[in-house]
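Peer 1: I need the structure of the sequence given here:
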Amino acid sequence: MAETIHSEAVVAAFKRVSQALIDNSTFLTSLDQAMGDGDMGINMERIGTALQEYIGATAIEDIGKYFAGAGMATNRAAPSTMGTLMATAIMRAGKEVMGKTELTAADLAAMLKAAFTGMQERGKAQLGNKTILDALYPASVAFDAAVNEGKSLQEAGTLALAAAEEGRDKVTPLRSQIGRAGWVGERTEGLVDPGCAALVTIFTALVS
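Peer 2: Residues are numbered from 1 along each chain as shown. Here you go, the predicted structure:
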């Protein structure tokens, strides 16, 4: 029998992610400062706080609409580059399941694909540019493959997290090419990309 994700599980996942963003804000800031910026953790904390407020004030019926509202709350809380990208990802994911009151594993796979596509279209980065996409794309591919192989949601999530970590580590030796980190140039070689780290933080919370 196929696993079903009910609305209560969706809310619980948002709660875990929002708290993880708050808890890891100092760590993400330290990574961002090393890249020549420094607002990543601040913005992630703002997003986490805004999502907690949204969760507390919003009933969930239509899961797609719930994601759309969460995306708008994210955008209002952190109208930065990364905030905009995350808002886009959340809203694109929600668009995939508009009108649904429960989700399947296939729905989640489609949502991840849509989140990646939305981020790429909005941010214009390519794989290998050392951005959040380098962690999100392999996670999406791994999750989709696991679902198609009939693995459980927990297994699929664990494989997606491992793929995100591998993607983060794969681009760590590279030079950042996008945004302020791109200006820093060769000094970013060997440093963990804060966007990749944020994505791993999110996936760790999702599969916990």
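Peer 1: how near is Asn75 to Thr88?
Peer 2: Asn75 sits at a distance of 8 Å from Thr88 (criterion: C-beta to C-beta, to the nearest Å). For glycine as for every other residue, the C-beta is placed from the backbone atoms N, C-alpha and C.
Peer 1: more neighbours, the two?
Peer 2: Between Asn75 and Thr88, Thr88 has the larger neighbour count (other C-beta atoms under 10 Å), namely 22 against 19.
Peer 1: which ones are touching that one?
Peer 2: 71, 118-119, 122 (C-beta atoms under 8 Å, 6 or more residues apart in numbering).
Peer 1: secondary structure element for it?
Peer 2: Secondary-structure assignment from DSSP states H and E places Thr88 in helix 81-96.
Peer 1: what about that helix, distance to the chain center?
Peer 2: Distance of helix 81-96 from the chain centroid (C-alpha atoms, centre = their mean, to the nearest Å) equals 9 Å.
Peer 1: counting neighbours, which of the contacts of Thr88 comes out on top?
Peer 2: Neighbour max across those (other C-beta under 10 Å) = Met119, 25 neighbours.
Peer 1: what helices and strands are in contact with the helix or strand hosting that residue?
Peer 2: Counting by DSSP H and E, the element that carries Met119 is helix 105-123. Applying 3 or more C-beta pairs under 8 Å, 6 or more residues apart in numbering; DSSP states H and E, one finds that helix 105-123 makes contact with helix 81-96, helix 133-148, helix 153-171.
Peer 1: where does pLDDT dip in this structure?
Peer 2: 1-2, 178-185 (pLDDT under 70).
Peer 1: let's see it at 50
Peer 2: 1 (pLDDT under 50).
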